[in-house]
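Engineer: Model the following, please.
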Amino acid sequence: MNPVLAAASLAPTSPGQQAVGYPMLFLLVLIGALVPVVPTGALVSSATVVAFHRGEPLTLTLVFITAALAAFLGDGALYWLGRRGLRSRNGSRWLAAIRARAPEDRLAQARRKLDDHGVAVLVLSRLIPAGRIPVMLACLLAEMSLRRFSRGNAPACLAWALTYQLIGVLGGSLFPEPWQGVLAAVALTVAIGTGPSVWRRIRRATDA
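Structural biologist: From the prediction side, this is the model:
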C-alpha cells in the first residue's frame, strides 16, 4: 500500500468519500495490527496530513478515533488468538507467528520490563519500533488475561495514534502542498521504524 496514494481517500470530506475512507483506514490498521506488514503509522500520518490541509478539525478527530480503535481491536484479536494457541496442545500458527517476531533477547527484555512495570509497559511497547510483539508475547507467557491486557493496551493505542497524528500535523504544517507533507511524514515514520535496527546492525558490524 502506497501511503501517498492512499492518503486522499483516508481523510475524506464528502459523505461519499467518508463511506469508503474511514472503513478503509480502519481495515488497514486492523490488518496491520494482526499482520505487521502494512505501514499503519505511515497511513495514519498521511491521512492526518491531508486532513490538516483541508482545515477540518472533525476530520482529524475521526482519523484519530478510527486509527486508535482499529489498533486496539487488532491487538486484542491477536492476543486472543495467541491465548488460544497457548491452550492448544498443538499450538497455532498465530502463536508461532508471534514467537517468530520476538527474538529471545527482546523477549527477555520485555519480560523484565513487564515484571517491573506491569501493563504500563504496553504503552511504551506500542511506541518503540518492533516493541509491540515481544511485550505481547511476554504477556501471553505470563498468562495475563485478555481483560487485563486490554486495560493496558487501550492507553497504548491512544498514545500510538496521537504520536503518528502529531507526525502528520508536523508534515502538514511544514509544507504548502499535501503530497509534500505526506512524503515528509512517510519518510519520518520509516526512519523511526527502521532507525533502531539499522543502528544495531552498525554497532554489531563495528564490534565484530
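
Engineer: Residue 107: what's its closest spatial neighbour, skipping adjacent residues?
Structural biologist: residue 134 (5.0 Å; CB to CB, 6 or more residues apart in numbering). Any C-beta I mention is one placed from the backbone N, CA and C, and that applies to glycine too.

Engineer: Isn't that neighbour up against residue 100?
Structural biologist: No: taking CB atoms under 8 Å as the definition, residue 134 is not a contact partner of residue 100, at 11.5 Å.

Engineer: who has more neighbours, those two?
Structural biologist: Taking other CB atoms under 10 Å, residue 134 and residue 100 do not tie; residue 134 has more neighbours (25 against 9).

Engineer: picking that back up, where does the residue nearest to residue 107 fall, secondary structure wise?
Structural biologist: helix 132-141 (DSSP states H and E).

Engineer: Just the element for the residue lying closest to residue 159 once chain neighbours are set aside, please.
Structural biologist: Nearest residue to residue 159 in three dimensions, chain neighbours excluded: residue 123, at 5.4 Å (CB to CB, 6+ apart). Per DSSP H and E: residue 123 is located in helix 121-127.

Engineer: just checking, what packs against that helix?
Structural biologist: helix 104-117, helix 132-141, helix 146-174 (3 or more CB pairs under 8 Å, 6 or more residues apart in numbering; DSSP states H and E).

Engineer: What separation do you get for residue 107 and residue 164?
Structural biologist: Relative to residue 164, residue 107 is positioned 25 Å away (CB to CB, to the nearest Å).

Engineer: More neighbours: the two, which one.
Structural biologist: residue 164 (28 against 17).

Engineer: That one reaches residue 46, doesn't it?
Structural biologist: No: counting by CB under 8 Å, residue 46 is not a contact partner of residue 164; they are 9.3 Å apart.

Engineer: Just list the residues touching the residue nearest to residue 172 when sequence neighbours are not counted, thanks.
Structural biologist: Closest residue in space to residue 172, ignoring its immediate chain neighbours: residue 52 at 3.4 Å, by CB to CB, 6+ apart. Shown in contact with residue 52 (CB atoms under 8 Å, 6 or more residues apart in numbering): 60, 168, 169, 172, 173, 181.

Engineer: Need phi/psi at residue 88.
Structural biologist: With angles defined as degrees, to the nearest 10, residue 88 sits at phi -80, psi 140.

Engineer: List the contacts of stretch 114-126.
Structural biologist: Residues beyond stretch 114-126 that count as contacts (CB under 8 Å, 6+ apart) turn out to be 71, 110, 113, 131-132, 134-136, 138-139, 142, 144, 148-149, 151-153, 155-157, 159-160.
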